[in-house]
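Novice: predicted coordinates and the sequence they were generated for:
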Amino acid sequence: MADYLPKHNPGLQIPRTVGATPVIGGRLVEVSGADTIAPAAADSLKVLGVAAQDASAGERVTVFTVAGGVHPLVASGAIAAGDRVAADAAGKVKTASVADSAVGLALNSSAADNDVIDVLFF
């Protein structure tokens, strides 16, 4: 997914610099340092939003923040519609196992890894 746009975006779009690890457009990213981002880790409490495009270390990328909006995101496995979702490895989403780590609500279901579902950010 080279370029990415949310389905509905009432939230903010902010530029950030990619840290040491490249990011993938359409996947969750987290704050990794001052003005830098990295792919979100599992159950991250530092999720900033979704990368707008693929970017390598040192490049600038637009981030659609978790300040609301509906986003098509890549699932890491089965997720039921209505589940709260959190970051999983490599910026995918999974059913939240830690309440504090939830970033949104699944609006439809996924059956397997790499399915794309709509997520309403909180």
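Specialist: That came in fine, so what should we check first? Numbers count the residues shown, from 1 in each chain.
Novice: tell me the centre residue of this structure?
Specialist: With distances taken as Cα atoms, centre = their mean, Leu28 lies nearest the centre of the chain, 2.1 Å away.
Novice: thought Leu73 was touching that one, still the case?
Specialist: Yes. Using Cβ atoms under 8 Å, Leu28 makes contact with Leu73 at a distance of 7.1 Å. Using the backbone N, CA and C atoms, a C-beta is placed for each residue, glycine as well.
Novice: let me see the contact set for Leu5.
Specialist: Listed by Cβ atoms under 8 Å, 6 or more residues apart in numbering, the contact partners of Leu5 are Ala52.
Novice: that one sits in which helix or strand?
Specialist: Leu5 belongs to no helix or strand when assigned by DSSP states H and E.
Novice: any weak-confidence spans in the protein?
Specialist: Of all residues in the chain, those with pLDDT under 70 make up the ranges 1, 7-11.
Novice: where do the strands sit along it?
Specialist: 13-18, 28-33, 36-39, 47-51, 60-65, 70-74, 84-87, 93-95, 102-106, 116-121 (DSSP state E).
Novice: of these, which is nearest Ala2?
Specialist: Closest to Ala2 of these is strand 47-51 (Cβ to Cβ; 10.8 Å).
Novice: just the strands of the chain: most buried one?
Specialist: Counting by mean count of other Cβ atoms under 10 Å, strand 47-51 has the highest mean neighbour count of these, with a mean of 26.
Novice: where's the closest residue in space to Ser109 that isn't next to it in sequence relative to Leu105, distance?
Specialist: Sequence neighbours aside, Ala81 is the residue nearest to Ser109 in space, at 4.8 Å (criterion: Cβ to Cβ, 6 or more residues apart in numbering). Per Cβ to Cβ, to the nearest Å, Ala81 is found 9 Å from Leu105.
Novice: bridging residues for the residue nearest to the centre of the chain?
Specialist: Counting by DSSP bridges, Leu28 is bridged to Val50.
Novice: ok, it - contacts?
Specialist: Each residue near Leu28 by Cβ under 8 Å, 6+ apart is listed here: Pro39, Ala40, Ser44, Val47, Gly49, Val50, Leu73, Ala87, Gly91, Lys92, Val93, Val103.
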